[in-house]
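Peer 1: Would you be able to build a 3D model of this:
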Amino acid sequence: MTAPIPTRVHYHKKDRELELTYEGGESHRLSVEYLRVFSPSAEVRGHGGDTATLQVGKKHVGLKNITQAGRYALKLHFDDGHDSGLYSWDYLHALIRDREANWTDYLRRLEEAGASREPLGIEIKQL
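Peer 2: Purely as a prediction, here's the structure:
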């Protein structure tokens, strides 16, 4: 798959959403929580088979930084410390395309695990 390359990437900090704008003005906003729980990193996705780790408590996660990796991907630096995994243009496009199905499946897996999107305890962020 050869996905289009965004002409603009903008982080809406207050809404915790990453906006990708494409040629022709097509624009998509993805929540940072969605991007975090579907990180392409081995830490999240595992190393094949059924080794993925269910991400819980990520409802309020934000971004600290966004860097470009060559001409093919973004590296997202989350404020929970996670920053491994490259979000290729193809992967971001697939996340846009499959957002509804992915999110529905994620919520189902959380429920089956008796887990929550809410973080445990008191969230403390270093300034």
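
Peer 1: Okay, buried residues for stretch 54-69 please.
Peer 2: Gln55, Val56, Gly57, Lys58, Lys59, Val61, Leu63 (16 or more other C-beta atoms under 10 Å). Just so you know, the C-beta spots here come from the backbone N, C-alpha and C atoms, and that holds for glycine as well.

Peer 1: correction: stretch 99-111
Peer 2: For stretch 99-111, by 16+ other C-beta under 10 Å, it's Tyr106, Leu110.

Peer 1: which stretches of this structure form strands?
Peer 2: With DSSP state E as the criterion, the chain has strands at 8-12, 17-21, 27-31, 63-69, 73-78, 86-88.

Peer 1: gap between the first one and the chain center?
Peer 2: I take that to be strand 8-12. 14 Å (C-alpha atoms, centre = their mean, to the nearest Å).

Peer 1: which residues are contacting that strand?
Peer 2: Residues from elsewhere that reach strand 8-12, judged by C-beta atoms under 8 Å, 6 or more residues apart in numbering: Glu17, Leu18, Glu19, Leu20, Thr21, Arg29, Leu63, Ile66, Leu74.

Peer 1: Report the buried members of these.
Peer 2: By neighbour count, with 16+ other C-beta under 10 Å, the contacts of strand 8-12 hold Glu17, Leu18, Leu20, Leu63, Leu74 as buried.

Peer 1: Please put the alpha-carbon coordinates of the helix or strand of the chain with the lowest mean pLDDT into CSV.
Peer 2: The weakest-scoring helix or strand in the chain, judged by mean pLDDT, DSSP states H and E, is helix 42-45 (a mean of 86). Output of helix 42-45 as CSV, limited to C-alpha atoms (Å, rounded to 0.1, in the frame of the first residue of the first chain):
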residue,chain,number,x,y,z
ALA,A,42,7.1,-4.1,19.5
GLU,A,43,6.5,-3.1,23.1
VAL,A,44,2.8,-2.8,22.3
ARG,A,45,2.3,-5.1,19.3
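
Peer 1: Redo the buried ones among the contacts of strand 8-12 as JSON lines? Include distance to Arg36 and pLDDT.
Peer 2: As requested, these are exported to JSON lines (distance: C-beta to C-beta, whole Å; pLDDT from 0 to 100):
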{"residue": "Glu17", "distance to Arg36": "12", "pLDDT": "98"}
{"residue": "Leu18", "distance to Arg36": "11", "pLDDT": "98"}
{"residue": "Leu20", "distance to Arg36": "16", "pLDDT": "97"}
{"residue": "Leu63", "distance to Arg36": "9", "pLDDT": "97"}
{"residue": "Leu74", "distance to Arg36": "13", "pLDDT": "97"}
